[in-house]
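Here's my sequence, what's the structure:
(chains A and B)
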Amino acid sequence: MRIVYADNNATTPVAPEVVEAMAPFFTEAYFNPSSMYEAARGPAAAIAAARASIARHLGAARPEEILFTSCATESNNAALVGAVRANPERRHIVTTAVEHPAVLEVAKELARQGLEVTFVGVDRHGRLDTTAFVRALRPGQTLIVSVMHANNETGVIFPIAELARIVKETDPQILFHTDATQTAGKLPIDLSGELQHVDMLSFSGHKLHAPKGIGALYIRRGTPWHSFLIGGHQEGNRRAGTENVAFIVGLGRALDLVMATREEDERRIAGLRDRLEKELTARIPSVEVNGWEAPRLANTLNLACHFVEGEGMLYQLAAAGICASSGSACTSGSLEPSHVLRAMGVPFTAVHGSIRFSLSRYTTDEDIDRIVEVFPTVVANLRRLSPYWDAKLDKPRPDAEVLLTQALEERRQRLSGPLQPS
Amino acid sequence: MTWNYSKKTMQLFMDAVHGKPGTHMGEIENADGFGEHGSIACGDALRFTFRVERHPTDPTQDRIVEARYLTFGCTSAIAASEALCALIEEGHFTPIEALKITNQDIANYLDGLPKEKLHCSVMGAEALEAAVFNWAQKRGVDLAALGIDITRKEQEEGRLVCKCFGLTEPYLRRKIVELNLRSIADITHAVKAGGACMSCHHAPGGLQDLLDETWGRQPTTLKQRPEPPLERFVASITGNGLSPYQFAKKVERVLDESVRPQLQQDGGDVEIVDIKDNLVYCRLVGACASCVGATRTLKMMVEQVLKDRVDERIRVIAVDEH
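Prediction:
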């Protein structure tokens, strides 16, 4: 069966060009880049070249500002914990209610250790509440602000250039970190230009066609920060551990590859996503596009289908060879649906029925056709079984309509009050 | 997360969604027994109906001949609903005999369920029980006289322990014993209590207390989390003789007098988002918000006016809307 892979915000296939670039470093060029003999120079030079190239793509002033890590989760942990260690006199952190767990859980852990954390909420389209953001800042007290560049579930893009400027105008000593895992290679990133106020930026390789197990953390020179992984002198004494040469080379090659065609890929992928969105919303009644009014990544479509549950959709899609994700409770380890969709106030009649299709440079028109062919039936199948749906009229039953009204009213009220993090 | 569902579970689910002959999706009109369990807000809900072949003289001898379900929920919730209906139809039970079907029977029919999904089978058993009570009411059968505990109303009454899933103390106490639940995780897997915000786990009268009272264990000591420090209110604009409140009022008054009239002429306005010490955060609204270069104008104009008329240390920070 042909596989339609539409889960690129989870991970991406490694580009063949990347595999090819990595291969020599497993075999003939296996030497430890820290070694003194001539043969080790090749791997060391390859790392330097990858670092320089990545710095250039991000607009970093100096290659040394790029640290290689094992993944974006390590980068995020290192950014936050390293900042806390280096600035013991400051005890307040600002982040958002919709961060990836790699930031959210670190922030919660720091709160358990006695720091104070403010979680800023979002509106119903997933846009950051800028008023709450401004009010959360405490000049002289806030240590670090961490706001993701774009959300992994909805693709909603946050205005981090603007937010970082406000932070620095408030107090230049407050650090600004962004988790750019979903945007590196997809959006322009210029740390010398538009993003000049960003101090730290995390991303990983496997979202941009490099392999899993490699990430990077940008740390602007002069940022007060302490090493997270302690040991050898690698990475300028800031991240110990023998360099993962092949994967670092792969990350560099992958970024070269995606940046070379970034704009045309973005246009093409946006076309595919927009068609998918249009065709699915036309074919499926009672469906919402999460984040539709906010600026979104071109590759992400997050739908909420009222009165069905996401896990049943994923298994049916998988049976048809389609890979996607859901924010439903049953697909997570917990019994609660996605913290992102709840923070957006997605109504309870739809929050269990969310599905995310995320595309890549390898997604084709045929892939979109296949999803459009299969997905409406998947939803209809589950609705036929649902006690809330009238299969004959293909609309919610009268008592479910009442629930829907109630859910929408609840959302209205919730969103006019203060937003709470999960 | 991929669940390790049995082949049987996946098969029943796929058959159900494709409406294969022999599956039990649907709702019987004018059913002899009608029961519901769960709600959409909690993530799964089951409506269960059955039809009996009525015994001419003794209603307790009615036989269930048809069972149907409508289920909102995950793969295993739908498969468990199928299993419930199949078990009942295959058994050719009287409603009272059907009460003996437990969630374990449903799980066994599915060749097992992941432990986190046990609540799907519990939901089936609960809906069945509700439907049998409904049948008894309709047929005038006195279940209590037959020695059957019909106090399930307790579910709706009593102190709420798990607010997220709306579960009460009497209900949880009964389930802890009935299903032999020994830990908080057991409770969550079986009836979902404590699976969302988790605040009831160790709260006084919470899940751990109910477990300890039932099984006689010593309460575990909890590490106290440090309380976050109280936000201190510091009036740090010193030297101008104004309290933060007076300072804010003065900023507002100056904006009203010297800035807003001009902006309002053009159909716009300026809003103060926040004031922290000498920092005044402003946002342009209305027609001004979309004006190119307005942010810079705002900063320069407002800042100059405020410096002149309130305090020369004031800095204005422009806040754009998204």
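
Quick check: end-to-end length of stretch A:222-238?
13 Å (Cα to Cα, to the nearest Å).

Can you list the buried residues in it?
A:223, A:225, A:227, A:228, A:229, A:234, A:235, A:238 (16 or more other Cβ atoms under 10 Å in any protein chain shown). For every residue, glycine as well, the C-beta is placed using N, CA and C.

and if you look at stretch B:58-66?
B:59, B:62, B:64, B:66.

Can you tell me which of the residues you listed end up in strands?
B:64, B:66 (DSSP state E).

ok, so of the buried residues of stretch B:58-66, who is nearest chain A?
residue B:66 (17.0 Å; Cβ to the nearest Cβ).

from memory the closest one sits against residue B:28, does it?
Yes: using Cβ atoms under 8 Å, residue B:66 is in contact with residue B:28, at 6.4 Å.

shared neighbours, the two?
Common neighbours of residue B:66 and residue B:28 (criterion: Cβ atoms under 8 Å, 6 or more residues apart in numbering or on different chains): B:50, B:51.

circling back: which one of the buried residues of stretch B:58-66 is nearest to residue B:106?
residue B:64 (15.6 Å; Cβ to Cβ).

Which strand residues bridge the closest one?
residue B:52 (DSSP bridges).

And the chain, what are its domain boundaries?
By default, I'm working from chain A. Using automatic domain parsing, the domain parsing of chain A gives A:16-260, A:262-416.

that's the other chain; I wanted chain B
If you go by automatic domain parsing, chain B breaks into B:7-150, B:160-215, B:244-318.

For those, state which one has the densest average packing.
Mean neighbour count, computed with mean count of other Cβ atoms under 10 Å in any protein chain shown, is highest for domain B:7-150 among the domains of chain B, reaching a mean of 20.

Work out the gap between it and the centre of the chain.
24 Å (Cα atoms, centre = their mean, to the nearest Å).

Not counting its neighbours along the chain, what's nearest residue 136?
Answering for chain A, as no chain was given. Nearest residue to residue A:136, sequence neighbours excluded (Cβ to Cβ, 6 or more residues apart in numbering or on different chains): residue A:118, at 4.1 Å.

that answer is for a different chain, and I need it for chain B
Nearest to residue B:136 is residue B:143, by Cβ to Cβ, 6+ apart, at 4.9 Å.

quick one: contacts for that neighbour?
B:96, B:132, B:133, B:136, B:150.

between these, which is nearest residue B:259?
residue B:133 (69.6 Å).

Quick check: mean pLDDT of the helix or strand where the closest one lies?
If you go by DSSP states H and E, residue B:133 is part of helix B:118-139. Helix B:118-139 comes out with an average pLDDT of 90.

Pull it out as CSV, backbone CA atoms only.
Provided in CSV are the C-alpha atoms of helix B:118-139 (Å, rounded to 0.1, in the frame of the first residue of the first chain):
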residue,chain,number,x,y,z
LEU,B,118,-10.0,-0.2,31.0
HIS,B,119,-12.5,2.6,31.4
CYS,B,120,-13.9,1.8,28.0
SER,B,121,-15.1,-1.6,29.2
VAL,B,122,-16.3,-0.1,32.5
MET,B,123,-18.4,2.4,30.4
GLY,B,124,-20.0,-0.6,28.7
ALA,B,125,-20.9,-2.3,32.0
GLU,B,126,-22.3,1.0,33.4
ALA,B,127,-24.5,1.7,30.4
LEU,B,128,-25.8,-1.9,30.5
GLU,B,129,-26.7,-1.5,34.2
ALA,B,130,-28.5,1.7,33.5
ALA,B,131,-30.5,0.1,30.7
VAL,B,132,-31.5,-2.9,32.9
PHE,B,133,-32.8,-0.5,35.6
ASN,B,134,-34.7,1.3,32.9
TRP,B,135,-36.2,-1.9,31.7
ALA,B,136,-37.2,-2.9,35.2
GLN,B,137,-38.9,0.4,35.7
LYS,B,138,-40.9,0.0,32.5
ARG,B,139,-41.9,-3.6,33.2
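
which secondary element of the chain has the worst mean pLDDT?
Picking chain A for this. helix A:398-416 (a mean of 74; mean pLDDT, DSSP states H and E).

Chain B was what I was after
helix B:294-309 (a mean of 83).

what does that helix rub up against?
B:251, B:254-255, B:258-259, B:268, B:270, B:280, B:282, B:284, B:288, B:291, B:313-318, B:320.

Next: stretch A:272-290.
A:126, A:153-154, A:298-307, A:341, A:344, A:346, A:350, A:354, A:357, A:359, A:363, A:365, A:367-368, A:371-372, A:375-376, A:379-380, A:394-396, A:404.

C-terminal to the helix holding residue B:133, which secondary structure element comes first?
strand B:160-162.

Helices of chain A, residue ranges please.
In chain A, the helices defined using DSSP state H lie at A:16-22, A:41-58, A:72-86, A:101-112, A:130-136, A:160-170, A:234-237, A:245-260, A:262-283, A:310-319, A:339-343, A:365-385, A:398-416.

Good, wrapping up.
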